[in-house]
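Student: Sequence first, predicted model second:
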Amino acid sequence: MSFKSSSAEKTVEIYTDGACSGNPGPGGWGALLLYGDHEREISGGEFETTNNRMELTAAIEALRLLKRRCPVILHTDSTYVRDGITKWIEGWKAKGWRTAAKKPVKNEDLWRALDEAVKGHDIDWRWVKGHAGDPGNERADALANQGMTIYKPDC
């Protein structure tokens with residue numbers, strides 16, 4: 001099966017995912033980047049983390065790989081990531097990184113990093129249903145689980 005970008009020639013298509021064994025617990029993140037005929041897979045993980053942190057890290061690390069300004073289609077199965085960056089982040093910044101309930105924003109460090117990583121790119125944030133057979137999402141999920149494996153204790 002081909003994973004070539006179906007978008008305009010200069011558009012980078014990214015699929016991201018996070019995984020966690022326990023929440024918190026050992027976690028992993030993964031991303032698949034597509035540009036024309038080129039593909040790149042990245043992954044990593046942490047010993048003690050949450051699924052939301054891994055979802056955010058996947059998007060951050062993928063965007064950090066981009067060397068120059070370009071249009072991006074970023075697919076995520078996390079409404080937390082998509083809604084946070086497209087709907088909530090400007091309000092959080094305006095309120096000094098506080099929620100509408102005046103509580104500190106969870107994962108502020110990663111939201112700040114994502115806010116920095118999106119600069120200079122025109123990003124179309126697309127939600128995709130996880131574990132539903134989307135080839136790009138399935139690869140990102142496999143990468144996230146691969147990233148987690150070295151942090152999981154032997155069973």
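Tutor: Now that the structure is in, tell me what you want to look at.
Student: Could you use CA atoms for every contact and neighbour count after this?
Tutor: Will do.
Student: Return the backbone torsion pair for the residue most central in space within the chain.
Tutor: Nearest to the mean C-alpha position of the chain, counting by C-alpha atoms, centre = their mean, stands A59 at 2.7 Å. Main-chain torsions, A59, degrees, to the nearest 10: phi -70, psi -40.
Student: where along the chain do the strands fall?
Tutor: 12-20, 25-35, 38-49, 71-76, 122-127 (DSSP state E).
Student: State the mean pLDDT of the last one.
Tutor: On average, the pLDDT along strand 122-127 is 97.
Student: swap in the second one?
Tutor: Strand 25-35 comes out with an average pLDDT of 97.
Student: repeat for the third one
Tutor: Per-residue pLDDT over strand 38-49 has a mean of 97.
Student: follow-up on the earlier one: check whether the residue nearest to the centre of the chain really touches T16, as I assumed.
Tutor: Yes: contact status for A59 versus T16: in contact at 6.0 Å, counting by C-alpha atoms under 8 Å.
Student: who touches both of these two?
Tutor: 31, 74 (C-alpha atoms under 8 Å, 6 or more residues apart in numbering).
Student: Next, the contact list for the residue nearest to the centre of the chain, please.
Tutor: Residues near A59 by C-alpha under 8 Å, 6+ apart: 16, 31, 74, 114.
Student: farthest pair in these?
Tutor: Pairwise distances across the contacts of A59 (C-alpha to C-alpha) peak at 14.6 Å, for the pair A31 and L114.
Student: between those two, which one's more packed in?
Tutor: A31 (34 against 21; other C-alpha atoms under 10 Å).
Student: which residues does the more buried one contact?
Tutor: Counting by C-alpha under 8 Å, 6+ apart, A31 touches 14-17, 41-43, 58-59, 62, 139-140, 143-144.
Student: Which parts of this structure are helices?
Tutor: Counting by DSSP state H, the chain has helices at residues 51-64, 79-83, 89-94, 108-117, 135-149.
Student: With distance to S21 as added columns, please give those helices in TSV.
Tutor: Below are the helices of the chain laid out as TSV (distance: least, C-alpha to C-alpha, whole Å):
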stretch	distance to S21
helix 51-64	9
helix 79-83	18
helix 89-94	27
helix 108-117	20
helix 135-149	8
